[in-house]
Structures are given as C-alpha cells and as structure tokens.
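K.L.:
A predicted structure for the sequence below; I have some questions about it.
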Amino acid sequence: MNRPSAQPGPEPALTDFLTAHQLAAPGEAARWTPLAGGVSSDLWRVDLPGRSLCVKRALAKLKVAADWQAPVSRNAYEWAWMRFASRHRPDSVPELLAHDPEAGLFAMAFLPPEHYPVWKAQLLDGEVRVETAAAVGELLGTLHAASAGDATLAAEFATDDNFHALRIEPYLLATAAAHPGLSDILQSLADRTATTHLALVHGDVSPKNIFVGPSGPVLLDAECAWYGDPAFDLAFCVNHLLLKSLVVPGHRADLLRSARVLTEEYVRCVTWEPRPTLEARAASLLPALLLARVDGKSPVEYFTDDRHRLFVRTAASALLRAPAATVADVLDAWASALGAPTEPGRGRPD
Ligand SMILES: Nc1ncnc2c1ncn2[C@@H]1O[C@H](COP(=O)(O)OP(=O)(O)O)[C@@H](O)[C@H]1O
Ligand SMILES: [Mg+2]
C-alpha cells in the first residue's frame, strides 16, 4: 500500500494546482502515488522534499459494478463539510490545504497509516475497541448539534440532488425495486429521509472512512454532505457494525456493544429535537440500510456466504414490517436473531 508505482508523471494540471496554491515550488520534485481504496475519486499521496500531502479529485462515474453516476460538484461539498468540521473539531479531519472548485480537487495533509489506522481494518481484524465507537458517536453527535438549526449551513448544503443520486436512489429506491413486497415501506422511508432537513449530514460515516487517530477519530470522504436527516448518519454507521458482526463472529459481542455505545454517546448530543423522535427515525432506517447492503447498488464486499445475505434479508424484512422504537431495540432484535437456534443451513450465518 502507498508504494510508488510505475505511473506516468502527473497531469500538468495537478502539478499546476500545487504551485498555484504554494504547496510546491515551481520545478520542485514531487512523487505522485495513487492511493487505493476509493470508489468515487482519484486520490494521490504526494511526496515532496520533507513533507507529504494528499490530493483528491472526484470522478464522474463511481468505480462500482452497477451504473452509478454522481455530479462532480460533490468535491466542493466535501471540502465545505471538512471546513465546517475543522471549525468545530480541528482534529476530526485532516488539515485542509487548498481547494480548486473549477477543477474539482483539493489538497489536505497526508495522515500516515502507521499513526492513523483505518477503523474498518481494525474491526475486520478483530481489534474491536468500544472506546473508538464511543468517540465516533460523540463526534458525530457534536457535529450534528453544531449544525442543527443553522439556516446558513442549510442553504450552503442544499445538496438534495447529490444525496438523492448517492444515497436515496442507490440504497433505498434500488432496494425497493428489488423487494416489491417491501417497496411501499422503503419508498416512504426514502421520502421521509429526503424531506427531513435538520442538521448537516456527512453521508458516508462508514468505518472505511474513519481513521483511528491519536487524538480521536478522523473523518474522511464527505462527498455526500447534505443538510438533511441526522438519523441517516447514525443508522448508516451502526449498519456497518451490524454487518461486520456477521463476518467477525469471534468479536460479535464487542461489535454489538460498539454499536450500542456509539448510539448512546450520539444520542446524548441530541438537543435539536426530542431524542425519541430521532431514535425512531434511525431505528426504522437501519433495517432499510441493512437490506440495501445486500440488494441495493452497493453490496457488501466481505460477505462470502449466501447465508449472510439470507440472514440479513430475513432480519431486516421483519424489522421493516414492524419497526423498532430505538436503535437499542434493533440491536436486541439482531442479537436475538443471531443467537436463536435455527435449522442447520437456514438463516443463521457461520
Ligand atoms: N488525508 C489522507 N491521508 C492519508 N490517506 C488518505 C487521506 N485521505 C484519504 N486517504 C486514503 O484514501 C482512501 C480513500 O479516500 P476517500 O476520501 O475515502 O475516497 P473515496 O471517496 O474514493 O472513497 C482512504 O480510505 C484512505 O486510505
Ligand atoms: Mg471512502
């Protein structure tokens, strides 16, 4: 990872971007190394004498199997979200260096993997620390609270079209199309989410977009930033922990505990609306997002076994038909479905 490869030299526009923003002197040696992992952007580590930085440029078409187009303007919203986060919690994003809105690119500090492990890799390796989940919940809740009721942010991030293209359609509506029997429920969750405008949502709070830094979590990848329903971020992140509980069975209890603690810390920060209202939205959205990661446009890549998919379909469908009131209730239902004896080969993963 992150090793120099035999790439042709960088496009002149990229070199010009660095010099135009005084991030490199004209003619200074810069080594551009593409970073793996992104599906929606080109990303480079740029090594200059004595320093490294990271440059991100949005792609017009995402690198996933299903056809999934998204406007390149999302790069500017990502930058704007990171600026917002850095004003409230400077350590919660990489240091921001320069932005070129016309070219759809920006530069930020490069955070070295030895000091900033990716949370997803830790979780899949069975390194499950509940404190990390607690810190993520607290950070997310703090950022939502800082943005709630802010008309300027609401106007700046009126990105309903982006959010529709990147989240509502590929997750909720694509899943509705795959499940005619649940289509009305999923459609109404999509409508409710799309028409709720309460706080600044990150939109991709996934462990793959979170570094576990020395001063707490660092959030990346805010291309889906949208002034909308904060319950979406909570449900989206908890969803990832639940899905991982199927494939890291030795750490299932820690993963579920992480989901619980993340939610508790988050909910503590909810001041902009009654906590039960927010919790009910997150709890009803969660099974929709679970099902979306099996039958939507962005299926989980680490499910190796159809029993995992069948388990998710069964548990999520039941919760969609009879929504839980709180995220904790969803976690209880998930845990009991995991623990319930089933006939061999039917429903129960691993
Ligand atoms: N500032 C950074 N420092 C170090 N690595 C980074 C930085 N930003 C991104 N990366 C690496 O690149 C990967 C993809 O970045 P991300 O912003 O999530 O792009 P995408 O939108 O394509 O998913 C991250 O998972 C991380 O490994
Ligand atoms: Mg990413």
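P.N.:
That came in fine, so what should we check first? Ligands and ions are numbered 1, 2, ... in the order given.
K.L.:
all helices of the stretch 51-200 of the chain, in order?
P.N.:
With DSSP state H, counting those that start in this stretch as the criterion, the stretch 51-200 of the chain has helices at 74-88, 119-124, 130-147, 151-156, 160-163, 174-178, 183-194.
K.L.:
Hmm, I typed the wrong one, I wanted the stretch 201-350 of the chain.
P.N.:
230-247, 252-268, 275-295, 306-321, 327-339.
K.L.:
quick one, phi/psi of the most centrally placed residue in the chain?
P.N.:
In the chain, the residue lying closest to the centroid (CA atoms, centre = their mean) is residue 204, at 2.2 Å. Taking degrees, to the nearest 10, you get phi -150, psi 50 for the backbone angles of residue 204.
K.L.:
Now do the contacts for the closest residue to residue 124 other than its chain neighbours.
P.N.:
Nearest non-adjacent residue to residue 124, counting by CB to CB, 6 or more residues apart in numbering: residue 248, 6.3 Å away. The way it works is simple: take the backbone N, C-alpha and C, and place the C-beta from them, glycine included. Applying CB atoms under 8 Å, 6 or more residues apart in numbering, one finds that residue 248 lies in contact with 123, 124, 126, 128, 255.
K.L.:
Just the buried subset of these, please.
P.N.:
Among the contacts of residue 248, those buried by neighbour count (16 or more other CB atoms under 10 Å) are 123, 124, 128, 255.
K.L.:
need the residues of this protein near ligand 2, please.
P.N.:
209, 221 (CB under 5 Å from the ion).
K.L.:
Residues of the chain that sit close to ligand 1?
P.N.:
35, 37-41, 43, 54, 56, 94, 108-111, 118, 208-209, 220-221, 223 (CB under 6 Å from any ligand atom).
K.L.:
Narrow those to just the buried residues.
P.N.:
35, 38, 40-41, 43, 54, 56, 94, 108, 110-111, 118, 208-209, 220-221, 223.
K.L.:
pLDDT at residue 347, what is it?
P.N.:
On the pLDDT scale, residue 347 is placed at 43.
K.L.:
Can you get me a residue count around whichever residue of the stretch 251-350 of the chain sits closest to ligand 2?
P.N.:
Nearest residue of the stretch 251-350 of the chain to ligand 2 (CB to the ion) works out as residue 298 at 11.6 Å. For residue 298, the number of neighbouring residues by other CB atoms under 10 Å comes to 18.
K.L.:
thinking again about what came up before, how about JSON lines for the helices of the stretch 51-200 of the chain, with mean pLDDT added?
P.N.:
Converted to JSON lines, these look like this (pLDDT from 0 to 100):
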{"stretch": "helix 74-88", "mean pLDDT": "95"}
{"stretch": "helix 119-124", "mean pLDDT": "96"}
{"stretch": "helix 130-147", "mean pLDDT": "98"}
{"stretch": "helix 151-156", "mean pLDDT": "98"}
{"stretch": "helix 160-163", "mean pLDDT": "94"}
{"stretch": "helix 174-178", "mean pLDDT": "97"}
{"stretch": "helix 183-194", "mean pLDDT": "98"}
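K.L.:
Reformat these as JSON lines; add distance to residue 307.
P.N.:
Formatted as JSON lines, the helices of the stretch 51-200 of the chain follow (distance: least, CB to CB, whole Å):
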{"stretch": "helix 74-88", "distance to residue 307": "36"}
{"stretch": "helix 119-124", "distance to residue 307": "18"}
{"stretch": "helix 130-147", "distance to residue 307": "26"}
{"stretch": "helix 151-156", "distance to residue 307": "44"}
{"stretch": "helix 160-163", "distance to residue 307": "33"}
{"stretch": "helix 174-178", "distance to residue 307": "19"}
{"stretch": "helix 183-194", "distance to residue 307": "23"}
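K.L.:
out of those helices, which comes closest to residue 290?
P.N.:
For these, distance to residue 290 was read as CB to CB. The smallest value, 9.6 Å, belongs to helix 174-178.
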